[in-house]
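In: just to be clear, the model below is a prediction. Sequence and coordinates:
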Amino acid sequence: MITGAQMRAARALLNWSGRDLAERCGVSYPAIQRAERVDDMPNMQAKNLQAIQAALIAGGVEFIPNGVRLSEP
């Protein structure tokens, strides 16, 4: 699973707002805000974390141990 710190970093790499991510993954904006307040794994349903991660991957982010990076084209 992903961490709040990875979510923040991935959004920054993609230049997405929290609302952009919410629209792309189907998770509410307030839930994303709460998840990003922690550096570790957020206290949220696994299906929501998976939806967030899938949206970020579809946007071009690769999750690596302890971080994120843009995927190679």
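Out: Received it, and whenever you're ready, just let me know what you need.
In: so which residues of the chain form helices?
Out: 4-14, 18-25, 29-36, 46-59 (DSSP state H).
In: go through the ones you listed and name the closest to Leu70.
Out: Closest to Leu70 of those, according to C-beta to C-beta: helix 4-14, at 5.6 Å. From N, CA and C alone the C-beta is placed, and that goes for glycine too.
In: packing partners of that closest one?
Out: Contacts defined by 3 or more C-beta pairs under 8 Å, 6 or more residues apart in numbering; DSSP states H and E place helix 4-14 against helix 18-25, helix 29-36, helix 46-59, strand 61-64, strand 67-70.
In: okay if I get these as a markdown table plus mean pLDDT and mean neighbour count?
Out: Output for those, formatted as a markdown table (pLDDT from 0 to 100; neighbours: other C-beta atoms under 10 Å):
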| stretch | mean pLDDT | mean neighbour count |
| --- | --- | --- |
| helix 18-25 | 97 | 17 |
| helix 29-36 | 97 | 17 |
| helix 46-59 | 97 | 17 |
| strand 61-64 | 95 | 16 |
| strand 67-70 | 94 | 15 |
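In: now those in JSON lines, with distance to Ile2?
Out: Output for the helices and strands packed on helix 4-14, formatted as JSON lines (distance: least, C-beta to C-beta, whole Å):
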{"stretch": "helix 18-25", "distance to Ile2": "12"}
{"stretch": "helix 29-36", "distance to Ile2": "9"}
{"stretch": "helix 46-59", "distance to Ile2": "5"}
{"stretch": "strand 61-64", "distance to Ile2": "6"}
{"stretch": "strand 67-70", "distance to Ile2": "9"}
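In: out of these, nearest to Gln6?
Out: Comparing the helices and strands packed on helix 4-14 against Gln6 with C-beta to C-beta, the closest turns out to be strand 67-70 (5.3 Å).
In: that older thread, so which of the helices of the chain is nearest Val68?
Out: When these are compared by C-beta to C-beta, helix 4-14 sits nearest Val68, at 4.6 Å.
In: which other residues reach that closest one?
Out: 17-18, 20-21, 32, 35-42, 52, 56, 59-61, 63, 67-70 (C-beta atoms under 8 Å, 6 or more residues apart in numbering).
In: what about 10 Å?
Out: Here helix 4-14 makes contact (C-beta atoms under 10 Å, 6 or more residues apart in numbering) with 2-3, 16-18, 20-21, 24, 32, 34-44, 49, 52-53, 55-57, 59-64, 66-71.
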